[in-house]
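# Structure for this input, please:
(chains A and B)
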Amino acid sequence: MRAASGKGLIVRHRSLLVLTTTVTVGALTLSACGSRDDKSGGGDSGAKTTVVIGVDAPLTGDLSALGQGIKNSSDLAVRTANKNNEVDGVTFKIQALDDQGQAGTGQQNATKFVGNPDVIGVVGPLNSHVGQSMQKVFGNADLVQVSPATTAPELTQGPNWQKGSKKRLFDTYYRTCATDAVQGPYAAQYLYTKRKLKKAYIIDDKKTYGAGLAGTFTDEFKKLGGKVVGTDHINPDDRDFSAVATKVAKSKADFVYYGGEYPAGAPLSAQISKAGSKALVVGGDALYSDEYVKLGKKNVEGDLATSVGAPLETLDTAKAFMKNYKAAGYKLPYEAYGGYAYDSTWAVIQAVKAVVEKNDGKLPGSADNRDEARKQINEAMKDVSFDGVTGQVAFDKYGDTTNKQLSVYEVKNGKHKPVQTGTFQEN
Amino acid sequence: MHGLPDQLANGLALGALYGLIAIGYTMVYGIVQLINFAHGEIFMIGGFGALTAYLWLPDGTGLALALPLMILLGVVSAVLVAVGAERFAYRPLRGGPRLSPLITAIGLSLALQQAVWAFYPDAKKARPFPQIGGADLDLGFVTLSREDLFIFVSAPICMLALGLFVAKTRTGRAMQATSQDPDTAKLMGINTDRIIVMAFAIGAAFAAVAAIAQGFKTGEVNFRMGFIAGLKAFTAAVLGGIGNIYGAMVGGLVLGVAEAMATAYIGDIPGLEQFGGGSWKDVWAFILLILVLLLRPQGILGERLADRA
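Purely as a prediction, here's the structure:
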């Protein structure tokens, strides 16, 4: 892929002035980040109350394609709500913070959101391990959080969910996507039953999401009678996987199940085919990105990825979303989680609506203290239910979505094409 | 030990790449006793320079034509940034306390990384790098991908050229003299400032070649690629004996092969199943480094201990 705009700028690097420039600019960038005004929502002008929905996602770095899609989609939801006057007397704004896919940064962002009294709900994050670090901060502040993308089961069902003792740790954590508890097994059933692939090589990146997904996949695949011919773990920051790729090629596996994200997944898959292996690479929703195909090029042709929900293109409810997203003129696509981010944001808006209606058309508390409003909005989230972009949006007692649809996508001619949609059935 | 020739080839390709980067660490250290921690970023800038050349060319340009231009622009951008760094960041601190240039190097490394992040179009995520493509080469005992071919050709050429340059030319001999004793070299009429610039430039050029090799290997360049590669290459330089150019390459090869072997075979040893594979390879590589340094503190080919404190 070639970017038409890619010229000119590198010239800067050739200049000897680059050092002074970069240092100055670096300092400016940092100070600009630091001095950002927290009181972005602020003033109650007239009868209208302005409240802020925080958005936390990786807006820069490897996973920024997914993160920017989340941010734009949340923005679209807020704009739509304001235009249609969804909640009488309340104007919504978003405040987007970048977590760079790092738990520590996510936690700082969470603290920042809690400290801003205008923030009445948060959408995000993308990564399960980031979600883990934010939960407690929001839990203590009774600030509701709806994630469009964290799929690790323990976030809602507690660390012992696999042993059957499910326990919700934070009543402020909700999500609109299905979890890896169903995503991994769903892939296992598809590969074993539909594709008749019996020999798997399992690789994961040791992160909350990747290791969890690989684990649930392996359990189901073995239960079905599949054979695991090898396992490996990689470092998500590595890009040379040639030694692992040779191992896969020698193992004669039918496919590789990779629990991890596309920045490492794409080079891994490419190097596996370069090592002479015919094995497909199969993964979860974090491989379902255009970037995966861009980075892996022809080498990832035929690879599979599962993702939560039905493909947006096939849902009637999603048509308006796609049309409005296009019309709004966002520079980057909505990617895998756009629809979920829209629904997450809309869920927050609906909860606010319920609270406002209950309190005679006003949010409880003052502009400087929204503690009571936060508490009530979190309470109201339990009963939120509406027809969203991705289907019916409602939450069970753990805060998980009641919509358990999943789809399998295959890379055909450089694009992810849906090949099967369904719900996971326990055998 | 199935697949041993293939795993050796993987290790050598990776090791040659580390070795090329390590040359930059070792030359600069050999002459000014500076660990140039910004060298990983010079490597990264070489990769982006090469990518820029490719993007400048019209769509569909064959790689045979594009490759020389990519190497040229990659090398030129890396060398200019490295020479600029030497002139504006390190030279003013020469003769100052040892730690000042070291801290400067770390700061420079961050500044360069963020500059590419901020200014290179679309560099906030990994940018796809062109691929050579085509079927793998089956040599009977080992299968090589076309992408790895690049490093197997370029690394020996670079090493040969460097060896000849250092041993045969006047500048090369001046370089040796400066590394042995800068003060005496200066008294003998050698322009040591120029020699230091040369060391930075050669290191940068080699790093740019390595960056292109890495781009081919992994199919992408990104603004953070210099960090891990730089760390590994620095390790290779120390392993081989810092200050020695052949040591840098030997250290790189040993490190690369060790990583490939650890990934491939440690898990097969009974009792060590969970310590094998891709996630433990760095641990084994560093255990090897510690063992080598315990037995030979000066590194594999290192000749002299620190003769100037």
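# average pLDDT across stretch A:278-297?
Averaged over stretch A:278-297, pLDDT sits at 92.
# Please spell out which residues along that stretch are buried.
Going by neighbour count (16 or more other Cβ atoms under 10 Å in any protein chain shown), the buried part of stretch A:278-297 is A:279-297. Where C-beta positions appear, they are placed from N, C-alpha and C, glycine not excepted.
# how about the strands of chain B, start to end?
In chain B, the strands defined using DSSP state E lie at B:127-128, B:137-138, B:143-144, B:220-221.
# Is the residue nearest to B:Ile228 when sequence neighbours are not counted in a helix, a strand, or coil?
Leaving out its chain neighbours, the residue that sits closest to B:Ile228 by Cβ to Cβ, 6 or more residues apart in numbering or on different chains is A:Asp237, at 6.0 Å. Following DSSP: H, G, I helix; E, B strand; the rest coil, A:Asp237 is assigned to coil.
# and A:Asp237, how many neighbours?
Applying other Cβ atoms under 10 Å in any protein chain shown, we find 13 residues neighbouring A:Asp237.
# Pull the contacting residues for it.
Going by Cβ atoms under 8 Å, 6 or more residues apart in numbering or on different chains, A:Asp237 touches A:264, B:224, B:228.
# which one of these has the most neighbours?
Busiest of the contacts of A:Asp237 [other Cβ under 10 Å] is A:Ala264, holding 26 neighbours.
# Following the chain onward from the strand or helix carrying that residue, which element is next?
If you go by DSSP states H and E, A:Ala264 is part of helix A:262-274. Using DSSP H and E, the helix or strand that directly follows helix A:262-274 along the chain is strand A:280-283.
# quick check: domain ranges of chain A?
Annotated domains of chain A cover A:49-178+A:314-395, A:180-308+A:407-423 [automatic domain parsing].
# Quick check: which of the buried residues of stretch A:278-297 are also close to chain B?
Among the buried residues of stretch A:278-297, the ones lying near chain B by Cβ under 8 Å from any Cβ of the partner chain are A:291, A:294-297.
# closest to A:Lys222 among the residues you listed?
Distances from A:Lys222 to these, taken as Cβ to Cβ, are shortest for A:Gly296 (28.0 Å).
# what packs against the strand or helix carrying the closest one?
In this structure, A:Gly296 is located in helix A:290-296 according to DSSP H and E. For helix A:290-296, the elements it packs on are helix A:262-274, strand A:415-423, judged by 3 or more Cβ pairs under 8 Å, 6 or more residues apart in numbering or on different chains; DSSP states H and E.
# Run through the residues of the stretch 151-300 of chain B sitting next to chain A.
Residues of the stretch 151-300 of chain B lying near chain A (Cβ under 8 Å from any Cβ): B:214, B:217-220, B:222, B:224-225, B:228, B:259-260, B:263-264, B:267, B:277-282.
# one more time with 7 Å
Taking Cβ under 7 Å from any Cβ of the partner chain as the measure of proximity, the stretch 151-300 of chain B contacts chain A at B:217-220, B:228, B:259-260, B:263-264, B:277-279.
# Out of those, give me the two with the largest separation.
Pairwise across those, and taking Cβ to Cβ, the largest span is found between B:Glu220 and B:Ala264, at 23.8 Å.
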